[in-house]
Each structure stands twice: as C-alpha cells, then as structure tokens.
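Starting from these lines, generate the structure:
(one chain, ligands or ions: 2)
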Amino acid sequence: MSTVARDVDLDELCINTIRTLAMDAVQKANSGHPGTPMALAPVAYTLYTRVMHHNPANPAWPNRDRFVLSAGHASMLLYACLYLCGYGLELDDLKNFRQLGSPCAGHPEYGHAAGIEATTGPLGQGISTCVGLALAERMLAARYNRPGHQLIDHHTFTICSDGDLEEGISSEASSLAGHLGLGRLVAFYDDNHISIEGNTDVAFSEDVGSRYEAYGWHVQHLGENIAVGPIEEAAQAAMAVTDRPSLIICRTHIAQGSPNKQDTGEAHGSPLGEEEVRLTKEVYGWPTEPPFLVPDEALAHFRATIPAGEELEREWELRHASYAQEYPNEAAELEDIVARRVPKLPRGLLKRFEPGEKIATRKASESVLQVAAALVPSLVGGSADLSPSTLTLIADGGSVSRSDYSGRNFHFGIREHGMGAIVNGLTLSGLRAYGATFLVFSDYMKGAIRIAALSKLPSIFVYTHDSIGLGEDGPTHQPIEQLVALRATPNVNVVRPADAHETSLAWTFALMSTSTPTVLALSRQGLPVLDPDAIPGDAIERGGYVLRDSAGEPELVLIGTGSEVSLCLEAAELLSGEGVAVRVVSMPCVDRFAELSADEQAAVLGPEGTARIAVEAASPIGWDRFIGTHGAMIGMRSFGASAPAADVYRHFGITTDAIAKRAHELLGPSRGT
Ligand SMILES: Cc1ncc(C[n+]2csc(CCOP(=O)(O)OP(=O)(O)O)c2C)c(N)n1
Ligand SMILES: [Mg+2]
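Residues are numbered from 1 along each chain as shown. Ligands and ions are numbered 1, 2, ... in the order given. Okay, the predicted model is just below:
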C-alpha cells in the first residue's frame, strides 16, 4: 500500500486513512454521517497520536486520558481511531458499521467496544458527561494524591458540534464546569456552520466563544488552521491553563475535500455516493480501489500508540507501587472506586425506625444516606438547589468547590439535565453518584436518565415530593405521569418505598446495583413506619411482597406503592372488620416485580381471578397487567390540585373509604356492606 504513502507526509496519510475509512464505512452501510469525521480527522488524529496519554493495550488504565465524541453521529471518526490505534476493533467491524451485532453501532455505545468512554448521540450529552468525568478526576486527585505522589492527573477531551452547543444541557454543564474551574477539561468545538437543515445561521448566531468566556472558560480560536501542529499547540496551551476548562474553536468544513459535498448539509447524514467517494479519493490522492484501504505505514504509525501507551502506564504503575506502599489503605480504596466496587452492605442499613411513628421517606432517606456514606467512600452526590427539601446532604461530607474538590456534596445549581449527565460522568469514573430533585423535574433530565439506562450505568436519581401528597405547591409540582415514564424506560429500577425501612432497603439496593440506574421516589409527607419484621430483606429485589395476609385464601388483594401502602393497610383493617379476607401487597419496585415469573407473581398477587385493587397516586397506566380482568386501579387521571395534602387526596378519591367502596363494588353485594 506504500503507493499512497510515498509522496505524502505521514500525518496526511494517517488523516486520510481516517477520512476514507469513514467514507467507505458509511457508503457500505448506505447509512451514517461521513462529512463530520472527514473534517475532524486531523483533530482526532492529533489527539490520539500526539496529545492523549492512553494505552490501547489497556483501555481500563485508571489514569488514562478520556476521550468522548460528543458529536456521536460522527461515530466513524471514533471507530476508525480505535481500530487504527489497536483498541481491539477489527477492520471487519468497521465494514459492519451499523449492522446488527456490530460493535460499531450507529452512535457510540459505552461497553460495545473498548475505548468508547461514554454513550453519545443525543446531542449535548457527551460534553456534559465530560464535565462529570473531569470533576471526578479532580475529586479523586484531591482525595488520593499526596505530596510527591501525583497518582491521578489525567485530562478529559471531547469533540463537540454545533448541535452539542445549541442544546441547553451543555450550557448547564459548561456553566458549572466554568464555575468549578475544571482545568483538565478540553473541548474542541467543530464550528462548521452546518447542521441538518443547512447553514446554522438559520438558528444559531451567538458568539459561542464569548459565551464560553463568560462561563469562565479559556477559549482559543484556531480559525481554519487546523493542521496537526496548530491543533497540538492549542491542546498543549489548553492543558497549560489549569484553573479553567478550555474550548478550542475550529472552523472546519464538513466533508472536506469532497468536490460536490463539502460545506453542504447533505454531507452530514447521507453517504456521499459511490461517484463522490471516488472523486474525493482522487482529491486526496488516494487509490479509488479497494475500499477500506489502510496503508501499512499509517497503521504502523497509529499502532505505535501501543508501546508508547504501555510505557506511560508502566511509569504510572511505578508511581502507583510507591504510593501503595506508603498509603496502602488509600490505594486499596482508590482501586475499589475505579473498579466501581462497593463494599458488601447489610440490606437494612438502618433499622432503628419505630413502627407506627410517621416519617417521610425523604427524611428516612436522609438518615440512611448518612450510614451509607460512612460505609461507601465512593458515595457522593448533590441536588439541583433543593437539598433542604430533598434532604440529600451528606452531613460531614463537605462541599465540592473550585478551591476544594475533596468534598462529597455537589451544588449543581438549578440545572437538572446537566446534573443527570454529570452524575453519569461521575459514575463512569467509578464514583457512586446521585443527583436529587423533585420527581416532577425528572422530566427535565430524562435524556440523561435514558443514557444511564442504555449504557448500563448504576447512576442514582433521588426524587422526592413524589406525588400529590406534596400538597400546596399544586399541580405544577405534583408528578402524575413521571413514574410511568421512568418505568417504561428499559433498564431503570424505580423504587418507591412505603416507609422508612423500605427506604433503608432501597438505598442498599441502589448501591449494590452494578448495571442499572435506580430512581428513588420519596415522599414529602410523613408515612407510618411499618413493622420491620413484615418486610423481607429482599423486598426491593423481588419488587413486591405480601405485607399483610389474610387468614385463608384472600378474596381481595390490595396492591400499593409508597405512600399508598399505608392507605391499603387501613382499608384492609376496615374490610377485614366486615369479614372480607384481604391481603395487602407492597410493591416498592414494579420493574423488578414485572421480571418475576408468572408463578412467582401469582404467589404474591393471588391466583388469576382474585379481585385486586392497585392504589398509587399517579397515572394508572401499566397497572392492568397486575390487577387482571377483575381488578380496579385507584390513581390519578388528571393533574393534581393546590391544597393541603389530605384535602388533595380526598378530592381525588384516594382514601381508605374509596378503596373500601371499590372493594365492595368488585366483590359484589354479597360481600361486605
Ligand atoms: C438531542 C438531539 N436532537 C436531535 C438530534 C438529531 N441530530 C443529529 S445530528 C443533528 C445536527 C447536527 O448538527 P451539528 O451538531 O452541527 O453536526 P454536524 O452536522 O456539523 O456534524 C441533529 C439535529 C440528536 N442527535 N440529538
Ligand atoms: Mg455543525
């Protein structure tokens, strides 16, 4: 293949290898985004071969620099670099781009191939996740580095696009990154003036550089000069600024070199076409055949990142060894964190709640959180300016600030979506992070929750004020459809504990989860503490259990979650006084219960044909599968109302009496009164 190489320099050869692989893979798949990888090839090439400290032979090296392609649609840029550097992707994987089972999915998916540091594609998520990665780096450095022992000192690089910076989430996260002075975050902005509808000037005209300067970032304008030298210099200059994150603005040309597609929206998301691929290769001085041509010299040059990376890692291992000798406990703790290992926890973290006493589950959560934080050093978190309400402060944890990253509490500001992505980035780094707000505002962060679920991250989302029971704040703040939406998301466990003890189990469950995000839905209002002996240790894992059983076969099964469980218990008392055999089921995690076999479910819900009533102060959608053909659902079919909680419950007919009335209707005139 040296025919290509002889008269071009090695950098250009390598860059054109990335470009042509991207063109060919998109062409072969007849689907994808060729233009952006073509334009950004010099940036990625420079980062992978000249700037980043990484070891393709060990993609899990804890102190590696991170690279996240925020413009996930340009995925072929990443796949080409990972293959060429020797991360494990094969040329055949690139040939199967976007095909079933290929690690080279349409957009980069975390876990599908080594070197994909985060799932990206939904614009804005990548750069925002990077804020979490960069924050984690600073926090681990503050906590574990010691004088003379710089164990953690890596950088986080990202390439973001117009769409990334138009999205609100990136503004939230970038604002916080500036505020926190995350100097090891370096973002390249692909200022190509193009998005799907054509020139960005139809919708985007602000001065992005000034905006980022106003956020407190260090901003460089590379203009059109995006050759390897200037890119490398800009990256070095960015890394030399240690007290501010950096944005490097590159005026690129989408589909650079393509005679008919350069600078067009068409080059964004469609194959160039066989003829245009041929013409473009001619412009590059590239053989038009065969496709997927990888010159030996180029491959060898990329693969030189392996010995270089191994050397970097060896040098770090020496540092690590001397650190571990001097600070064995810290070294062991750090090792657990980067492996995202959590000490084995007792199921009930806290058992001292008095049955009968009324405690809001958010309040119980606050107490449990303190115990959890003492046992789990990696546990960190914060809220979107609501910690006095969400009660999610780690009491002796200290706050993370730009002058001290050693704390455990974040102040995310009122930036829910950014918070979600940052929590994901922290979790990617091994920390067990939570973000907290009101359940109704989970809507503001759904994009990030979905990424956590899709990328199998055990991020923790703590949502309080979980129903109309929040009362006077009214319908704007009373969640109705949120539980359904979260439960509908694959690989999310929504846990709505009925009392303080279930809350205690819920935190253990969340912290022991390894590949599924947990949503905790907690009450604002006080809820009676249940008899702890009636709650099995695996209540959350199983999802639902018999909390109160009837003497014989139940005629009626009441199913409740969260605050409605105690209503079910009261109704059961009432009805059993009338001679009805009532069972009460608490179902703190519908998602888990739904995964049980039909027999296991029937053991809890009673045989098919049993009258069942589900009670949850939320949308009834999804309950049909449990109540069966003879069942009823007491829930919310409208928005809530502004009034004291008890009045709101009464107004919407979610009361003990209403449950009893439905029971009478279901059981027929012969039963009860
Ligand atoms: C949140 C989100 N909204 C919409 C899309 C669909 N989409 C993919 S790329 C794109 C436009 C991208 O423009 P730009 O970010 O400038 O990328 P370029 O075309 O320059 O590569 C859109 C709207 C998306 N991926 N994510
Ligand atoms: Mg663009």
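
In terms of helices and strands, where is the closest residue to residue 58 other than its chain neighbours?
Once flanking residues are discounted, residue 58 sits nearest to residue 313: 6.1 Å by CB to CB, 6 or more residues apart in numbering. C-beta here means a position set from N, CA and C on the backbone, and glycine is covered the same way. Counting by DSSP states H and E, the element that carries residue 313 is helix 305-326.

From residue 45, how far off is the residue nearest to residue 58?
As for residue 313, its distance to residue 45 is 22 Å (criterion: CB to CB, to the nearest Å).

How about residue 121?
Residue 121 is 22 Å from residue 45, by CB to CB.

before we move on, what about residue 53?
From residue 53 to residue 45 the distance is 16 Å (CB to CB).

Tell me which of the two has more neighbours.
Neighbours around residue 53 and residue 45, counted as other CB atoms under 10 Å, are more numerous at residue 45. The numbers are 28 against 17.

The more buried one: what secondary structure?
The three-state label given to residue 45 by DSSP: H, G, I helix; E, B strand; the rest coil is helix.

That one and ligand 1, how far apart?
Going from residue 45 to ligand 1 by CB to the nearest ligand atom, to the nearest Å gives 17 Å.

what sits against that residue?
If you count contacts by CB atoms under 8 Å, 6 or more residues apart in numbering, residue 45 has them with 11, 14, 15, 18, 81, 228.

what about 7 Å?
Contacts for residue 45 (CB atoms under 7 Å, 6 or more residues apart in numbering) come out as 14, 15, 18, 228.

Which ones among the residues you listed map onto helices?
Of these, the ones assigned to helices by DSSP state H are 14, 15, 18, 228.

Taking these, please make a PyMOL selection of just the buried ones.
For the buried members of the ones in helices among the contacts of residue 45, the matching PyMOL selection, counting by 16 or more other CB atoms under 10 Å, is:
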select buried, resi 14+15+18+228
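
Need the max-distance pair from the ones in helices among the contacts of residue 45.
Largest separation among the ones in helices among the contacts of residue 45 by CB to CB: 18 and 228, giving 12.4 Å.

what's across from residue 249 in the sheet?
Beta-bridge pairing for residue 249 (DSSP bridges): residue 189, residue 221.

I'd say it and residue 189 touch.
Yes. In this structure, residue 249 is within contact of residue 189 by CB atoms under 7 Å, at 4.8 Å.

Common neighbours of these two, please.
Both residue 249 and residue 189 are contacted by residue 208, under the criterion CB under 7 Å, 6+ apart.

which residues does the residue lying closest to residue 400 once chain neighbours are set aside contact?
Of all residues not flanking residue 400 in the chain, residue 407 sits nearest, at 4.5 Å (CB to CB, 6+ apart). Contacts for residue 407 were tallied using CB under 7 Å, 6+ apart; they are 397, 398, 399, 400.

Using PyMOL, define a selection of the buried residues within those.
For the buried members of those, the matching PyMOL selection, counting by 16+ other CB under 10 Å, is:
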select buried, resi 397+400
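
ok, and the closest non-adjacent residue to residue 348?
Using CB to CB, 6+ apart, the nearest residue to residue 348 is residue 504, at 4.9 Å.

how much space is there between the one you found and ligand 1?
Residue 504 sits 37 Å away from ligand 1, going by CB to the nearest ligand atom.

what do you get for residue 624?
From residue 624 over to ligand 1 the distance is 32 Å, taken as CB to the nearest ligand atom.

Kindly report the same for residue 36.
Going from residue 36 to ligand 1 by CB to the nearest ligand atom gives 4 Å.

give me the number of residues near that residue?
Using other CB under 10 Å as the criterion, residue 36 is surrounded by 28 other residues.

again with residue 664
Using other CB under 10 Å, residue 664 has 17 other residues around it.

Over to residue 243?
Counted by other CB under 10 Å, the residues lying close to residue 243 total 10.

and what of residue 193?
Neighbour count of residue 193, defined by other CB under 10 Å: 16.

so it touches residue 202, yeah?
No. The criterion here is CB under 7 Å, and residue 193 misses it with residue 202 at 10.6 Å.

From the recorded domain assignment, give the ranges for this structure.
Per the record, the chain has its domains at 2-308, 358-534, 539-667, by automatic domain parsing.

Quick one: closest of these to residue 335.
domain 2-308 (8.3 Å).

Show me how far the closest one is from its chain's centre.
On the basis of CA atoms, centre = their mean, to the nearest Å, domain 2-308 is displaced by 21 Å from the centre of the chain it belongs to.

most centrally placed residue in the chain?
residue 452 (2.9 Å; CA atoms, centre = their mean).

near ligand 1, anything from the strand or helix carrying that one?
Assessed by DSSP H and E, residue 452 sits inside helix 446-454. No. Helix 446-454 lies out of reach of ligand 1 by CB under 6 Å from any ligand atom, never closer than 6.9 Å.

Contacts for that helix, please.
Residues from elsewhere that reach helix 446-454 (CB under 7 Å, 6+ apart): 119, 122, 125, 169, 417, 420-421, 424, 442, 459, 461, 489-492, 517.

Having no further points to raise, I will conclude here.
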